[in-house]
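Asks: predicted model, plus sequence, below.
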Amino acid sequence: MSADDALLDAAAGLLAAQPAASMDDVARAVGVSRATLFRRFPSRSVLVGTLCRQAVEAFVAATGEVAAGQDDPVRVLRDLVARTVPIGARYGLLVTQPLEDLVERDLLARAAAGEDRVRALVRRGQTAGAFRVDVDPEWVLTALTWLVVGAADGVRLGRLAPARVEAHVADTVLRLVVRDPG
C-alpha cells in the first residue's frame, strides 16, 4: 500500500465515522502534519472528492459481475448487496458531502455504468418472472443506494450491529423486488 493509499484509507475511515471532521482532524488521524496533508490535498473538498471517486469506482466494480451474471437474478441481487454493503461501511456518509458541480457531474457520469447494470438486472429479473413488474428499476437502485448509506450510518451511530447489516439490506431489497410465488 502506497503512502497515498494509506492516507486515503485513514481519511476514509475518519470521515465515515465523523463526517464533519476538519482537515486538522484528518491530519491527526492519518498521522501526518497539516502541511503534509494540504500539500497532497489542497482543500477538504479535494480530499472528499478523491474519496468519492474511490467510492464510485468501487461501486462500478461491484456491479461489474451483475452484467456478466446470467444466473438466477435473486442470487445475483443478493451477491450485489454483499459487494455494496462494504462500500457503504468504508465510505459512509461521504455521498452526502457537498461537492463542486463539476466534480459531482463527473462522479455521476462515472457511476452511470454501474447504475445501468443494476437497472438491467432488475429488468432481467422482471422478464424472467422472478421480480415484481410493478417496481420501477429506478426505485430499486435508489432503495439499494440509500439502504447501504443508511446502514453505514446506523453502524456509525451504534444503532445497528455491523455483522447484521448485509442481511438486513439484502432482506429489505429482496422483499421489495422478489415476486410472491403464491
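Replies: Now that the structure is in, tell me what you want to look at.
Asks: got the phi/psi numbers for P98?
Replies: Per-residue torsions, P98: phi -70, psi 140 (degrees, to the nearest 10).
Asks: could you do F131 as well?
Replies: Dihedral angles for F131 - degrees, to the nearest 10 - are phi -110, psi 150.
Asks: for Y91, see how far away the closest residue to it other than its chain neighbours is.
Replies: Excluding the flanking residues, the one nearest F131 by Cβ to Cβ, 6 or more residues apart in numbering is G125, at 3.4 Å. C-beta: built from backbone N, CA, C; applies to glycine. Taking Cβ to Cβ, to the nearest Å as the measure, G125 falls 27 Å from Y91.
Asks: surely L51 meets Y91?
Replies: Yes - counting by Cβ atoms under 8 Å, L51 touches Y91, with 6.4 Å between them.
Asks: mind listing the shared neighbours of these two?
Replies: Counting by Cβ atoms under 8 Å, 6 or more residues apart in numbering, the residues touching both L51 and Y91 are A12.
Asks: buried set for stretch 53-73?
Replies: Q54, A55, V56, A58, F59, V60, A62, T63, V66, G69, P73 (16 or more other Cβ atoms under 10 Å).
Asks: which one among these gets closest to F131?
Replies: P73 (6.3 Å; Cβ to Cβ).
Asks: and the gap between the residue nearest to the closest one when sequence neighbours are not counted and R179?
Replies: Nearest residue to P73, sequence neighbours excluded (Cβ to Cβ, 6+ apart): G125, at 3.3 Å. Per Cβ to Cβ, G125 is found 9 Å from R179.
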